[in-house]
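Enquirer: could you work out the structure for the sequence below:
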Amino acid sequence: MEREAIIQKKEQKEKTEAVKQARMEREAIIQKKEQKEKTEAVKLAQRKAGRKEMFKKTRHGQPVMKYRIHHLLQNCSPYRVHLVPQ
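Expert: Numbers count the residues shown, from 1 in each chain. The predicted structure follows:
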């Protein structure tokens, strides 16, 4: 009888550990998903702001070159040199 009680306690302990482990894994997945959503929202806001500037027009309907030139200079900055094969 004592052996059965010990075995049952051991099984119960293993089950609770498995449940705790599964809960922690789910929470980690949820946390990663929330972090990803936050970064996506920040990127989307930046993209929207950039598009708003890129579509600005002068009163004669021509695009404002100030923002387009700024965008081009950002793209050819020295930090992107590593993308060019040597």
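
Enquirer: check which helix or strand covers I7.
Expert: Assigned by DSSP states H and E, I7 belongs to helix 2-54.

Enquirer: pull the contacting residues for the residue nearest to the spatial centre of the chain.
Expert: For the chain, the residue nearest the mean C-alpha position is K36 (2.7 Å; C-alpha atoms, centre = their mean). For K36, no residue counts as a contact, taking C-beta atoms under 8 Å, 6 or more residues apart in numbering as the criterion. Glycine gets a C-beta too; all of them are placed from N, C-alpha and C.

Enquirer: show residues contacting the lowest-mean-pLDDT helix or strand in the chain.
Expert: Lowest mean confidence among the helices and strands of the chain (mean pLDDT, DSSP states H and E): helix 65-75, at a mean of 84. Contact with helix 65-75 is made by G50, E53, M54, K56, as judged by C-beta under 8 Å, 6+ apart.

Enquirer: centre of the chain to that helix, how far?
Expert: The gap between where helix 65-75 is centred and where its chain is centred comes out at 26 Å by C-alpha atoms, centre = their mean, to the nearest Å.

Enquirer: list the buried residues for that helix?
Expert: For helix 65-75, a neighbour-count test (16 or more other C-beta atoms under 10 Å) marks nothing as buried.

Enquirer: and the angle from it to helix 2-54?
Expert: 140 degrees (axes from the mean of the first three to the mean of the last three C-alpha atoms, to 10 degrees).

Enquirer: could you export helix 65-75 as CSV, CA atoms only?
Expert: Only the C-alpha atoms of helix 65-75 are listed here, as CSV (Å, rounded to 0.1, in the frame of the first residue of the first chain):
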residue,chain,number,x,y,z
MET,A,65,12.2,66.7,-54.0
LYS,A,66,13.4,67.4,-50.5
TYR,A,67,11.9,64.2,-49.1
ARG,A,68,12.9,62.1,-52.2
ILE,A,69,16.5,63.2,-52.0
HIS,A,70,16.5,62.5,-48.2
HIS,A,71,15.3,59.0,-48.9
LEU,A,72,17.9,58.4,-51.5
LEU,A,73,20.7,59.7,-49.2
GLN,A,74,19.5,57.3,-46.5
ASN,A,75,19.6,54.4,-48.9
